[in-house]
Structures are given as structure tokens and as C-alpha cells.
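In: Build me a model from this:
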Amino acid sequence: MWINNLETASGKRLDDPKHPDHKKPYVQDYIREFGVRKREANALVWSTRKPVADWCARRSGAAPTDYEERLEPEREQLRQVLRRRFGL
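Out: Residues are numbered from 1 along each chain as shown. Below is the predicted model:
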């Protein structure tokens with residue numbers, strides 16, 4: 001999950017003292033707390049997919065239907081407001 005660098009999207013490195021942001025407090029605070037490494041967002045997303053899918057599989061098959069049914073009164077109220085306000 002960790003990538004051992006602080007390379008930016010432009011290919012520059014925040015841990016390089018020549019980087020214009022290197023001395024900014026948020027960069028220095030980050031380096032002090034986590035070191036010269038970062039979490040990759042895609043890795044976080046991919047690492048959670050299976051646990052989330054497993055959790056969803058354990059849920060009742062009726063859960064999406066129940067959710068939609070609970071939303072319907074609010075949706076209808078919104079439709080009425082939009083009709084009154086915008087003539088929809």
C-alpha cells in the first residue's frame with residue numbers, strides 16, 4: 001500500500017530540497033509523520049473492493065429495494081417542488 005517516494009504527478013519529488021514546495025510546513029509535517037513514502041489512492045480503492053463486495057453479498061437481497069422504497073417519498077416531494085418552481 002505504501003510507495004517509497006514522494007514523486008508528484010509531474011515527476012518531481014517533494015523530498016527534494018530543490019522542489020518549490022519542499023520547505024512548506026505541510027510537506028515537512030508529512031515527512032516527519034510518514035517519512036518519504038505515500039499511499040497510492042488506487043491501491044486503497046483496490047484493497048477495499050473485495051471486503052466491500054463480501055459485505056454486500058452478506059446483506060439481504062432486498063436491501064437495494066428497501067432503500068429505493070425509503071427514498072421514494074423524498075423523491076416525490078422533490079418532484080413536486082421542481083414542478084412548482086420550474087413548471088416541470
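
In: Now the longest helix along the chain: average pLDDT?
Out: Of all the elements of type helix in the chain, the one with the most residues (DSSP state H) is helix 63-86. Across helix 63-86, pLDDT averages out at 84.

In: care to break this protein down by domain?
Out: 2-39, 42-86 (automatic domain parsing).

In: what would those look like in JSON lines with mean neighbour count?
Out: In short, each C-beta sits where N, CA and C put it, glycine included. Formatted as JSON lines, the domains of the chain follow (neighbours: other CB atoms under 10 Å):
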{"stretch": "domain 2-39", "mean neighbour count": "12"}
{"stretch": "domain 42-86", "mean neighbour count": "10"}
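
In: quick revisit: any idea how far the longest helix of the chain is from the middle of the chain?
Out: 26 Å (CA atoms, centre = their mean, to the nearest Å).

In: What of stretch 7-17?
Out: Distance, centroid of stretch 7-17 to centroid of chain: 23 Å (CA atoms, centre = their mean).

In: Endpoints of it, how far apart?
Out: Taking CA to CA, to the nearest Å as the measure, stretch 7-17 stretches 13 Å from start to finish.

In: Kindly provide the whole-number mean pLDDT of that stretch.
Out: For stretch 7-17, the per-residue pLDDT averages 91.

In: What lies in contact with it?
Out: 5-6, 19, 21-23, 27, 30-31, 36 (CB atoms under 8 Å, 6 or more residues apart in numbering).

In: Go through the residues you listed and flag which are in strands.
Out: With DSSP state E as the criterion, strands contain none of the contacts of stretch 7-17.

In: Mind picking the one among those that's closest to residue 76?
Out: Nearest to residue 76, judged by CB to CB, of these is residue 30 at 47.5 Å.

In: Find me the pLDDT at that closest one, would you?
Out: Confidence score, pLDDT, at residue 30: 91.

In: now do the one 3 residues further on
Out: pLDDT recorded at residue 33 is 91.

In: That one sits in which helix or strand?
Out: Using DSSP states H and E, residue 33 sits in helix 25-34.

In: after that helix comes which helix or strand?
Out: Later in the chain than helix 25-34, the nearest helix or strand by DSSP H and E is strand 38-39.

In: Can you report the mean pLDDT over the residues of that next one?
Out: On average, strand 38-39 scores 82.
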